[in-house]
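Trainee: Give me coordinates for this.
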Amino acid sequence: MTTTMPATNDVNVCHAVVKSIGNDHMVLAFAETNYEMHLAPTQPVDTPIGKRIRGVIRVQAKRIDICHTGGRYVEPVYGRPRRIQGQIIATDLPASTVTVAAPMPIVCKTDGRQRAGDFQIGDFVTMGAEPGATFTPAVG
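Mentor: Model (predicted):
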């Protein structure tokens with residue numbers, strides 16, 4: 001049985017440092033990693049460069065596959081997320097999303113061929129990600 005967790009649950013929130021903010025994307029760095037992810041902010045970000053920020057990363061998955069080997073990662077290390085692998089830590093059935101614990105939590109929307117209910121919390125998954133990954137700053 002899949003446990004449903006709301007999309008605003010803290011399990012979805014990542015912690016990062018703002019590296020830069022441009023016209024169409026921002027760059028976030030993640031503690032104890034070399035990741036510098038390029039994401040489109042969903043609203044204006046007023047956090048100064050070099051300061052910490054909390055929020056939710058969202059991607060549109062191309063297809064989610066269960067895998068049994070490998071580690072947690074996002075490819076590439078620098079740039080927009082193109083490939084994600086990790087363990088499912090939450091699902092939102094109405095929104096058809098799964099939250100994957102890669103090096104950071106990422107909320108992944110399933111495509112029309114799949115539903116969040118097709119997966120269980122604890123499944124280790126891999127997927128391609130469509131262009132357009134977003135970041136929504138957390139309130140408070």
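Trainee: From now on I want contacts and neighbour counts done on CA atoms only, so please keep to that.
Mentor: OK.
Trainee: beta partners of Arg52?
Mentor: Beta bridges link Arg52 to Val17, judged by DSSP bridges.
Trainee: my guess is it meets Val17, correct?
Mentor: Yes - in this structure Arg52 lies within contact range of Val17 using Cα atoms under 8 Å: 4.3 Å.
Trainee: So if I had to pick from these two, which one is more boxed in?
Mentor: More neighbours surround Val17 than the other of Arg52 and Val17, with 19 against 16 (other Cα atoms under 10 Å).
Trainee: In this structure the more buried one contacts Ala29, no?
Mentor: Yes - Val17 is within contact range of Ala29, at 5.2 Å (criterion: Cα under 8 Å).
Trainee: Name the residues contacting each of the two.
Mentor: Common neighbours of Val17 and Ala29 (criterion: Cα atoms under 8 Å, 6 or more residues apart in numbering): none identified.
Trainee: Go ahead and flag the most central residue of the protein.
Mentor: Centroid-nearest residue in the chain, with Cα atoms, centre = their mean: Ile106, separated by 1.8 Å.
Trainee: Is it bridged to anything, and to what?
Mentor: Those that pair with Ile106 in a beta bridge, by DSSP bridges, are Val100.
Trainee: measure it to Pro44 for me?
Mentor: According to Cα to Cα, to the nearest Å, Ile106 stands 20 Å off from Pro44.
Trainee: try Thr110
Mentor: Taken as Cα to Cα, the span from Thr110 to Pro44 is 26 Å.
Trainee: Equivalent analysis for Arg83, please.
Mentor: Distance, Arg83 to Pro44, by Cα to Cα: 26 Å.
Trainee: between the two, who's got more neighbours?
Mentor: More neighbours surround Arg83 than the other of Arg83 and Pro44, with 16 against 9 (other Cα under 10 Å).
Trainee: Low-confidence regions, this protein specifically.
Mentor: By pLDDT under 70, the low-scoring segments of the chain are 1-9, 140.
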